[in-house]
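Undergrad: here's a sequence, model it:
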Amino acid sequence: MREPVDFHTHHGAFGAYGSFTLGRIGAGGGFNVHDGRGPARGGIHIGVVRSDTARFLPFSIPTPADLKAFAVELEGKDFREVSTWPAESVERRLGWGTDSWAASEISFRLATPFGPVPDPRALGWDALRPHILPAVWAEMELDNSRSREPALAVFGLTPGDTGAGPVGLPGLVGADLQGLWGVAAPAASGATPFAGFAFLESFGQDLTVATPHWLGTSFGLCWRLEPGERRRMRFALGWHLAGPATSGLSTRYAYNRHWKDLGEILAEAVARTDTAWETARARDAELEKLTPERRWMLAHATRGYFGNSQLLEREDGTPAYVVNEGEYCMMNTLDLSVDQVFFERRFFPWAVREILDLVADRHSFLDRLKVPDRTDLVEGGVSFCHDMGVRNRFSDPGTSSYEKSGLEGCFSHMTFEQACNFALLAGHWSAHDVDGKWREGRRGLLESLVESVERREHPDPALRRGIPGTDSVRCGTGTEITTYDSLDPSLAQARGNLYTTVKLWSAYLGLERALGDGPAARRAAAGARRVERALETWPCDDGVLPALDDGRSRSAILPAVEGLVHPLTWGDADAASPEGRYSELVRILGRHLEAVLESDLCRFPDGGWRISSTSDNSWPSKIWIAQHAAERIFRMPPDAKADAAHLQWLSEGCADWGFTDQIQNGKGIGSKYYPRGVTSILFLDGGAALG
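TA: Next up is the predicted model:
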């Protein structure tokens, strides 16, 4: 496989909700800070300048300045021949911690190191200092060994805004934009800052660097190399937001506890350079056991997660953790949280607890239910909102930014699914709640949640059959939907849905696990058995279970198997085994999965997996969960053709953004710049089937 070259990806840091986005040929890029709506579109100029030529990596190309607003007679001028290396001559390798480009005599690399993050509640904020620096690291290498003239290695930015100035700290040289983001290198490296209206006008024909003109909109760093010299230059990129980070719930970024401004962040980043590169390359090595396609997809998706993450400190000094929903900027969307848990539990499981507590304390509510064929409303019990707010503004308690009444599709309420999602997250967190304090503190809520999901089957115990059968009164005249809001009823409808039914089974297991023992735990176990019996009587056609139990649906769906993966990953392999205590349910789902794949009902012509046989929309983050079930539970071999198709969707069909999760016939149409692709962490748990 030739590594993809032409695609944008985030380069961010844990908890800092910012990114230096780079990679799309001709699109530029740059910083976005505290705003995840999409990649910046400024100029990024990385290359080599000589007396009469200037050549750059093909992210963007410098152009003359338009100075007519200042004086008609002033015109930008270039006395050099300016070009970029053709895209086909550029090699790129995306690792888990590094991203590298090389063309001819120049190479450029970015490091985004990450690793396990300590629990701030258990160990205090000081323990997090090494892990929450809002910075990434850069490395340029220029080989001037075969040249008879000097050259400048240049790294420059044209963000389209003014307000840049020098970084004035001892031992550093660099520049920043309005104190929000910037670049710095050790003064001992020989770096020289530059600034002006036009990028190339900063460099004389003899390669002298003009005194920076800070009124301009181009700036950066350069290094002079003599004839015959080869050198590696390292520097740091950082960002900083002081003051309030969110409203509704007042917070600031946790990194402000350690660094008061951008200058301190850049100085810290430069001091950490060697460690950062060592950590990033160690992360790269961990993915070498994967196929090139899976290594690329996990590396790409991980950057989308970190670029959307936000570690905040509340006014009382306690943490709040938020993952923003890509271009939509919704905060802690619960139906993303339940999928991102596979990644979080590996590196910072305490974040799962923080999300659980925040949704329980601020975004839970007591519900009433609409029951088909009844005109009265009945008590429904506790459930949770779809999200906690949007664009750094927490919604009022008990509300979300997304959900509306009176709808039967997108933007309706997801009350049943969010109740299941909370139960699943509680099941995952239970493995890390070693002393049991969280479970005991939330026992009342968890016991209430058992009753709530029972009642959402049906309020009459005699009529419960293991299938979601009601709608929240919050829907008004509408009906409940699922996380698959943009699909047809095969997945978008919550009531009577195969996907939500199997999720209900795993939710009951999560509640049983979290509660441990007692009457509520036993009721949860009984609920899981009801779901198994429901699957045994579900309509079936040559092994395929229709998406809805209405007797009319002919849609086939992959997410029927999603619920199996949760108990498998939290350590209850027996529950998800074809030979385990729920063997009949697991085997029915296994036959379904095999049938929809072998018949190509859930495949696209290119071999990619189709979420629903009746929709052209497919979501990689969800496909990867189904692949994990296929390989780990049902012993199916990895589908190399599907992996190749999924990689092509993401690298070509979604190249203008970072990781994208809503793809229609191979092209990204929504859920761009997204965090949920870290379900691909399941690739690292693949290989061996269950015993």
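Undergrad: who's in contact with Gly179?
TA: Contacts for Gly179 (C-beta atoms under 8 Å, 6 or more residues apart in numbering) come out as 240, 261-262. (Glycine included, C-beta is placed from N, CA and C.)
Undergrad: how close does it get to Glu288?
TA: 40 Å (C-beta to C-beta, to the nearest Å).
Undergrad: over to Glu139?
TA: From Glu139 across to Glu288, the span is 20 Å (C-beta to C-beta).
Undergrad: and these two? Which one has more around it.
TA: Glu139 (17 against 10; other C-beta atoms under 10 Å).
Undergrad: SS state for that one?
TA: Following DSSP: H, G, I helix; E, B strand; the rest coil, we place Glu139 in the strand state.
Undergrad: helix or strand with the lowest mean pLDDT in the protein?
TA: None of the helices or strands of the chain scores lower by mean pLDDT, DSSP states H and E than helix 489-492, at a mean of 92.
Undergrad: for the one helix or strand Val382 maps to, buried residues please.
TA: Using DSSP states H and E, Val382 sits within strand 377-384. Using 16 or more other C-beta atoms under 10 Å as the test for burial, strand 377-384 gives 380-384.
Undergrad: C-terminal to it, what's the next element?
TA: Note on strand 377-384: by DSSP H and E, the next helix or strand toward the C-terminus is strand 389-390.
Undergrad: quick one: which of the contacts of Gly179 is nearest Leu647?
TA: Proximity of those to Leu647 (C-beta to C-beta) peaks at His240, which lies at 35.0 Å.
Undergrad: isn't that closest one right up against Trp181?
TA: Yes. The criterion here is C-beta atoms under 8 Å, and His240 meets it with Trp181 at 7.4 Å.
Undergrad: shared neighbours, these two?
TA: With contacts taken as C-beta under 8 Å, 6+ apart, His240 and Trp181 have 33, 262 as neighbours in common.
Undergrad: so Gly668, which of the three states?
TA: Gly668 is classified as strand under three-state DSSP.
Undergrad: mind showing which ranges of the protein have poor pLDDT?
TA: By pLDDT under 70, the low-scoring segments of the chain are 71-78, 686-691.
Undergrad: tell me the domain ranges of it?
TA: 18-285, 324-685 (automatic domain parsing).
Undergrad: quick one, helices of the stretch 101-250 of the chain?
TA: 120-123 (DSSP state H, counting those that start in this stretch).
Undergrad: pretty sure Leu157 sits against Arg41.
TA: No. The criterion here is C-beta under 8 Å, and Leu157 misses it with Arg41 at 11.9 Å.
Undergrad: quick one: which of these two has more around it?
TA: Shown here are Leu157 and Arg41; by other C-beta under 10 Å, Leu157 has more neighbours (30 against 16).
Undergrad: ok, that one - contacts?
TA: 30, 42-45, 177, 183, 218-220.
Undergrad: over to Ile44: give its phi and psi.
TA: phi -120, psi 120 (degrees, to the nearest 10).
Undergrad: name the nearest residue to it, sequence neighbours excluded.
TA: Phe59 (4.4 Å; C-beta to C-beta, 6 or more residues apart in numbering).
Undergrad: element containing that neighbour?
TA: Taking DSSP H and E as the definition, one finds Phe59 inside no helix or strand.
Undergrad: so it sits against Ala27, correct?
TA: Yes. Between Phe59 and Ala27 there is a contact at 7.1 Å, judged by C-beta under 8 Å.
Undergrad: more neighbours, these two?
TA: Phe59 (24 against 21).
Undergrad: contacting residues for that one?
TA: 22-29, 44-46.
Undergrad: if you count neighbours, what's buried in stretch 455-470?
TA: Within stretch 455-470, the residues that count as buried by 16+ other C-beta under 10 Å are 455-459, 464, 466-470.
Undergrad: same check, this time on stretch 187-198
TA: Buried residues in stretch 187-198, counted by 16+ other C-beta under 10 Å: 189, 191-198.
Undergrad: with distance to His413 and neighbour count added, can I get the contacts of Gly179 in JSON lines?
TA: JSON lines is the format used below for the contacts of Gly179 (distance: C-beta to C-beta, whole Å; neighbours: other C-beta atoms under 10 Å):
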{"residue": "His240", "distance to His413": "38", "neighbour count": "26"}
{"residue": "Asp261", "distance to His413": "43", "neighbour count": "12"}
{"residue": "Leu262", "distance to His413": "42", "neighbour count": "25"}
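Undergrad: which residues sit against stretch 612-619?
TA: 484, 486-488, 490-491, 547, 554-558, 596, 601-602, 604, 608-611, 661-665, 669, 671.
Undergrad: ChimeraX command to pick out the buried ones of the residues you listed?
TA: Here is the ChimeraX selection string for the buried members of those, based on 16+ other C-beta under 10 Å:
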select :484,486,487,488,490,491,547,555,556,557,558,596,601,602,604,608,609,610,611,661,662,663,671
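Undergrad: wait, doesn't Ser577 sit right on Arg635?
TA: No. Using C-beta under 8 Å, Ser577 makes no contact with Arg635, being 10.9 Å away.
Undergrad: tell me which of the two has more neighbours.
TA: Higher neighbour count among Ser577 and Arg635: Ser577, with 20 against 12, using other C-beta under 10 Å.
Undergrad: distance of the more buried one from Ala431?
TA: Noted for Ser577: a distance of 18 Å to Ala431, by C-beta to C-beta.
Undergrad: cool, Arg55 as well?
TA: As judged by C-beta to C-beta, Arg55 and Ala431 stand 54 Å apart.
Undergrad: mind checking which of these two has more residues around it?
TA: In this view Arg55 and Ala431 are compared by other C-beta under 10 Å, and Arg55 has more residues nearby, 21 against 15.
Undergrad: just the contacts of stretch 612-619: which are in helices?
TA: Residues from these lying in helices, with DSSP state H as the criterion: 490-491, 596.
Undergrad: in CSV: the residues you listed, plus distance to Arg303.
TA: Below are those laid out as CSV (distance: C-beta to C-beta, whole Å):
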residue, distance to Arg303
Ser490, 31
Leu491, 27
Val596, 31
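Undergrad: out of the buried residues of stretch 187-198, flag the one nearest to Asp6.
TA: Taking C-beta to C-beta as the measure, Asp6 lies nearest Ala198 of these, at 26.2 Å.
Undergrad: so who does the closest one touch?
TA: Neighbours of Ala198 in contact, by C-beta under 8 Å, 6+ apart: 62-65, 76, 216, 218.
Undergrad: which non-adjacent residue is nearest Leu336?
TA: In space, and not counting its chain neighbours, Leu336 is closest to Arg676: 4.9 Å by C-beta to C-beta, 6+ apart.
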